[in-house]
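Novice: Coordinates for the following, if possible.
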Amino acid sequence: MNLLSYYRAETYNFVLNIYTKSQFGNIAESIFEKKRMKADTNLRKIFPDINQRLNSIEQNIKSDNPEDWKNSVISCRTLLMEIADILNPPKTSEEKSKFINRLKDYVSPKIPSETKGKLVK
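Specialist: As a prediction, the model looks like this:
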């Protein structure tokens, strides 16, 4: 009888796991895709050549050549600098190179949760 209870519980857990995956398995992917589509739309408005730039970055990352990797990093940095210049333009010439700080300063007040704010910083 104890063995029967064990098999019943294991069967229940197995079926429950399948059911849970079928109901909720794609939620994270779905949320990510929605955010990505919104970001892509906004980036296309600001940078009409964004697809070409991101494809170039991706191709350079996939390369076996370390010089291509450097080009990819420089392209990412340039894109982030341009985004920072649009969202939070530098007030002085010294702030121009501090694009990460300017991005943080732009994003931080828009995050309602203190925990999420700490995560972003």
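Novice: So what's the predicted local confidence for the closest residue in space to residue 79 that isn't next to it in sequence?
Specialist: Spatial nearest neighbour of residue 79, chain neighbours left out: residue 53 (6.4 Å); criterion: Cβ to Cβ, 6 or more residues apart in numbering. Heads up, the C-betas are built off the backbone N, CA and C, glycines and all. At residue 53, the model reports a pLDDT of 92.
Novice: Now do residue 53: how many residues are near it, please.
Specialist: Residues within reach of residue 53, counting by other Cβ atoms under 10 Å, total 16.
Novice: which regions of the protein lie under the pLDDT threshold?
Specialist: By pLDDT under 70, the weakly predicted segments of the chain are 1, 25-26, 28, 116-121.
Novice: What segments of it are helices?
Specialist: According to DSSP state H, the chain carries its helices in the segments 2-24, 27-46, 50-62, 66-87, 99-107, 114-120.
Novice: Distance to residue 93 added to those helices, as TSV?
Specialist: Below are those laid out as TSV (distance: least, Cβ to Cβ, whole Å):
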stretch	distance to residue 93
helix 2-24	51
helix 27-46	23
helix 50-62	26
helix 66-87	13
helix 99-107	13
helix 114-120	26
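Novice: just to revisit the earlier point, quick check: the residue nearest to residue 79 touching residue 47?
Specialist: Yes - between residue 53 and residue 47 a contact is recorded at 6.9 Å, counting by Cβ atoms under 8 Å.
Novice: which residues are in contact with both of these two?
Specialist: Contact criterion Cβ atoms under 8 Å, 6 or more residues apart in numbering; residues shared by residue 53 and residue 47: residue 79.
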